[in-house]
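K.L.:
Sharing a model that was predicted from the sequence below.
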Amino acid sequence: MCGELPPKIGRGYGETQIGHLAAVFSGLAILISCLSLLGLASFIAQQRTKEIGVRKVLGAGMLFITLCTVTFQALKAALMNPIKSLRTD
């Protein structure tokens, strides 16, 4: 890969440096996706105000409700048949 770059630039980026850079960007992508999932869960939690009200009366905190919602959505997505969803779209 370094052979395609000009010699002055190619010397500065070895395979290990490119590997480290790829690891950093991969970690950043995972962090952004986790934050997006948390935002989606919070949005869904706000949509279910009546259910949340009942859970709060029973003593559940907002973090517990958010984790329950994330778990529910993740299980729902994991158990869904992708072929069936492609046919309906």
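P.N.:
Cool, got the structure.
K.L.:
from here on, contacts and neighbour counts on C-alpha atoms
P.N.:
OK.
K.L.:
can you give me the helices for this protein?
P.N.:
7-12, 15-47, 49-57, 62-79, 82-88 (DSSP state H).
K.L.:
For this protein, which residues score under the pLDDT cut-off?
P.N.:
Applying pLDDT under 70 to the chain picks out residues 1-13, 52, 85-89.
K.L.:
Recalculate using a threshold of 50.
P.N.:
By pLDDT under 50, the low-scoring segments of the chain are 1.
K.L.:
in it, which residue is closest to the centre?
P.N.:
When the chain is reduced to its mean C-alpha position, the nearest residue by Cα atoms, centre = their mean turns out to be Ser33, at 2.8 Å.
K.L.:
any idea how far Lys56 is from that residue?
P.N.:
Distance of Ser33 to Lys56, given as Cα to Cα, to the nearest Å: 28 Å.
K.L.:
With Gly27 instead?
P.N.:
Gly27 sits at a distance of 35 Å from Lys56 (criterion: Cα to Cα).
K.L.:
ditto for Lys50
P.N.:
Using Cα to Cα, we find Lys50 at a distance of 10 Å from Lys56.
K.L.:
neighbour count winner among the two?
P.N.:
Taking neighbours as other Cα atoms under 10 Å, Lys50 and Lys56 compare with Lys56 leading, 14 against 11.
K.L.:
Next up, the contacts around the more buried one.
P.N.:
Listed by Cα atoms under 8 Å, 6 or more residues apart in numbering, the contact set of Lys56 is empty.
K.L.:
try 10 Å
P.N.:
Taking Cα atoms under 10 Å, 6 or more residues apart in numbering, we find Lys56 in contact with 50, 62, 64-65.
K.L.:
And for Cys34?
P.N.:
28, 40.
K.L.:
Same check on the one 4 residues further on?
P.N.:
Listed by Cα under 10 Å, 6+ apart, the contact set of Leu38 reads 32, 44, 66-67, 69-70.
K.L.:
In PyMOL, how would I select just the buried ones from these?
P.N.:
Entered in PyMOL, the line below selects the buried ones among the contacts of Leu38, by 16 or more other Cα atoms under 10 Å:
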select buried, resi 66+69+70
